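A.B. asks: test case, fold it:
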Amino acid sequence: MQRQLTRSINERMIGGVCGGIAKYFKIDPALVRIGWVLMTISGAVFLGVVAYIIMMIVVPEETRFEDTQ
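C.D. replies: Sure, this is the predicted structure:
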């Protein structure tokens, strides 16, 4: 079965984007969140926020069946 990037249902703080990225790469969601914040602060804050919002819109939310994997 092919892996697909989805927004997490269980590992969500705002929209589940970082939790979904962490699940896709099989790493701790806290590391992804810390990395996202550090990249946003060190770069353009506006671009980090806009990228997160776009990913919330574009990336589909996982279904309940995907949660058991």
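A.B. asks: and what about the nearest residue to residue 36 once chain neighbours are set aside, helix, strand or coil?
C.D. replies: If the residues on either side of it in the chain are set aside, residue 36 comes closest to residue 18, at 5.7 Å by C-beta to C-beta, 6 or more residues apart in numbering. C-beta: built from backbone N, CA, C; applies to glycine. Using DSSP: H, G, I helix; E, B strand; the rest coil, the structure places residue 18 in helix.
A.B. asks: for residue 18, give me its contacts.
C.D. replies: 11, 29, 32, 33, 36 (C-beta atoms under 8 Å, 6 or more residues apart in numbering).
A.B. asks: relative to residue 52, which of those residues is nearest.
C.D. replies: residue 36 (7.4 Å; C-beta to C-beta).
A.B. asks: counting neighbours, what do you get for the closest one?
C.D. replies: Neighbour count for residue 36, taken as other C-beta atoms under 10 Å: 16.
A.B. asks: and for residue 7?
C.D. replies: Residue 7: 21 surrounding residues under other C-beta under 10 Å.
A.B. asks: that one and residue 17 touch, don't they?
C.D. replies: Yes. If you go by C-beta atoms under 8 Å, residue 7 and residue 17 touch, sitting 5.7 Å apart.
A.B. asks: and residue 49, how far from residue 36?
C.D. replies: Per C-beta to C-beta, to the nearest Å, residue 49 is found 10 Å from residue 36.
A.B. asks: so what pLDDT did residue 63 get?
C.D. replies: Residue 63 is assigned 84 on the pLDDT scale.
A.B. asks: so how many other residues sit close to it?
C.D. replies: Counted by other C-beta under 10 Å, the residues lying close to residue 63 total 9.
A.B. asks: cool, residue 22 as well?
C.D. replies: Using other C-beta under 10 Å, residue 22 has 19 neighbouring residues.
A.B. asks: and for the one 4 residues further on?
C.D. replies: By the measure other C-beta under 10 Å, the count of residues near residue 26 is 7.
A.B. asks: state the pLDDT value of it.
C.D. replies: We have a pLDDT of 93 for residue 26.
A.B. asks: check the gap between it and residue 20 for me.
C.D. replies: As defined by C-beta to C-beta, residue 26 lies at a distance of 12 Å from residue 20.
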